[in-house]
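> how would this look folded up:
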Amino acid sequence: MSARPDIAAVLDADEALLWRGHPSAGRRSTAKATALGALFYVATIAFVILGWWVEIFRGHVPVWHLVVYAVIAAAAFTAYLGLRVTLLDRRRARARDARTAYAITDRRALAIAGPYRSEVRLGPEVTADLSGDLLLIDGPAAHLRFERLDDAARARDILNARIRGNA
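The predicted structure follows:
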């Protein structure tokens, strides 16, 4: 896994860094993902039980034996879906968070995630809204989300002061 990007490397020569941050560690699964994963795991168990029942009581007929293969394939697919919505998506999001950095400069707000970079040029038309640990920055041409910040209120205050200073 690559390291968190260096904000200083993407700044212009005369640009001043006012704030830097990154998503806090330890992303949790949402309740929706947990419920959906549980549903897929229950379906997996139901398919396995159905396959067992069909094989025991109808497996001597070749057509039903083929049905067992289809039921086992469905069980494997629902197990994959359960893992995907609970474990795999969370691991991918945690890896993305480890490679994400945010910055506020005297000219723009930046979000760098691995090789990708997004920015909003600061001006009077830019707004910054806070929702818990999420800072939403809306500009005329772009939108940024600084997610899961430890000091989201401080970042918003710095951003708002800079926006008012540009007005």
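> Please enumerate the strands of the chain.
Secondary structure of the chain by DSSP state E: the strands cover 17-21, 100-105, 108-113, 116-121, 127-131, 134-138, 143-146.
> From the contact counts, what lies against the fourth one?
It refers to strand 116-121. strand 108-113, strand 143-146 (3 or more C-beta pairs under 8 Å, 6 or more residues apart in numbering; DSSP states H and E). Placement of C-beta: from N, CA and C, glycine included.
> same deal with the second one?
With contacts defined as 3+ C-beta pairs under 8 Å, 6+ apart, the secondary structure elements packing on strand 100-105 are strand 17-21, strand 108-113, helix 152-166.
> mind checking which of those is nearest residue 48?
Nearest to residue 48 among the helices and strands packed on strand 100-105 is strand 108-113; the distance by C-beta to C-beta comes to 39.3 Å.
> what about the closest one, distance to the chain center?
Between the centre of strand 108-113 and the centre of its chain there are 16 Å (C-alpha atoms, centre = their mean, to the nearest Å).
> Check what contacts that strand and list those residues.
Contact partners of strand 108-113, identified using C-beta atoms under 8 Å, 6 or more residues apart in numbering, comprise 5, 7, 10, 96, 99-104, 117-122, 126, 137, 144-146, 159.
> Pick out the residue nearest the middle of this structure.
In the chain, the residue lying closest to the centroid (C-alpha atoms, centre = their mean) is residue 93, at 4.3 Å.
> how close does that one sit to residue 113?
Counting by C-beta to C-beta, to the nearest Å, the gap from residue 93 to residue 113 is 11 Å.
> between the strands of the chain, which gets nearest to residue 164?
Of all the strands of the chain, strand 127-131 sits nearest to residue 164, with 10.8 Å by C-beta to C-beta.
> elements contacting the closest one?
Identification of packing neighbours for strand 127-131 by 3+ C-beta pairs under 8 Å, 6+ apart yields strand 134-138, helix 152-166.
> worst average pLDDT in those?
Mean pLDDT is lowest for helix 152-166 among these, at a mean of 86.
> All set, thanks.
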